[in-house]
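Asker: the sequence isn't on hand, but the structure is:
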């Protein structure tokens with residue numbers, strides 16, 4: 001992906017506006033296209049983040065009161081009014097050709113990667129394009145992002161944490177919260193989980209396995225993974241429904 005990002009950067013045909021005057025931060029928030037963002041999402045965006053809007057993610061950012069620092073993509077789905085709004089504010093654009101191998105969301109991840117932003121939050125309304133959702137969320141598991149300190153998505157009502165092994169993580173969830181552990185990028189080895197109704201110890205979670213599906217948090221989740229990329233999905237995080 002790193003080479004693809006560099007090739008796409010060379011293909012960018014337009015840059016508009018001066019560099020952002022915000023202080024340098026290592027947080028990247030990527031707003032994607034699809035459906036409008038869920039209510040209250042702005043409260044989950046860290047202050048002083050570098051915000052990247054991917055194509056029509058610009059429209060959703062504007063509607064949610066979020067001002068991007070950068071707009072990327074082929075701009076085939078963003079509204080002209082959104083483009084005009086951003087140009088009036090001198091927000092930079094990186095425009096790519098429609099014939100490209102990466103999605104706009106992947107290009108936005110590349111923009112974060114090239115800026116050495118090591119906390120990445122992907123924000124999307126979900127939408128009815130299952131293929132786009134799978135592509136966006138699995139992109140967080142690409143090996144080029146393995147050095148990031150945090151990879152998280154708020155997708156519709158769900159929260160998704162992508163954990164690149166080896167490592168140890170603690171996730172604070174309300175008691176009774178439903179969550180699932182999925183191996184979307186290949187085998188996850190030596191998975192140990194505590195703080196849940198059904199703990200695991202040195203478990204193997206395979207891509208087709210249901211071993212980690214629909215568990216219940218009893219307290220702070222403690223997870224360690226020896227190898228692989230583990231995806232943690234909390235399906236009702238923004239709805240408050242623990243079932």
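Answerer: In hand now; what should we look at? These figures come from a predicted structure and were not determined experimentally. Numbering: from 1, shown residues only.
Asker: what's the longest strand in this structure?
Answerer: Assignment by DSSP state E gives strand 215-225 as the longest strand of the chain.
Asker: contact partners of it?
Answerer: Residues outside strand 215-225 that contact it (CB atoms under 8 Å, 6 or more residues apart in numbering) are 163, 165-181, 188-198, 230, 232. (C-beta placed from N, C-alpha, C; glycine too.)
Asker: now for the next helix or strand after that strand, which elements pack on it?
Answerer: Past strand 215-225, further along toward the C-terminus, the next helix or strand under DSSP states H and E is strand 229-234. If you count contacts as 3 or more CB pairs under 8 Å, 6 or more residues apart in numbering; DSSP states H and E, strand 229-234 packs onto strand 158-164, strand 178-182, strand 188-196.
Asker: hmm, try it at 10 Å
Answerer: helix 130-139, strand 150-155, strand 158-164, strand 167-171, strand 178-182, strand 188-196, strand 215-225 (3 or more CB pairs under 10 Å, 6 or more residues apart in numbering; DSSP states H and E).
Asker: right, so of these, which gets closest to residue 50?
Answerer: Each of the helices and strands packed on strand 229-234 was checked against residue 50 via CB to CB, and the shortest separation belongs to strand 150-155, namely 14.2 Å.
Asker: so for that closest one, what's the average pLDDT?
Answerer: The average of the pLDDT scores along strand 150-155 is 95.
Asker: returning to that earlier point: and the contacts of strand 215-225, which are buried?
Answerer: When neighbours are counted using 16 or more other CB atoms under 10 Å, the contacts of strand 215-225 contain these buried positions: 163, 165, 171, 173, 177-179, 181, 188-191, 193, 195-196, 230, 232.
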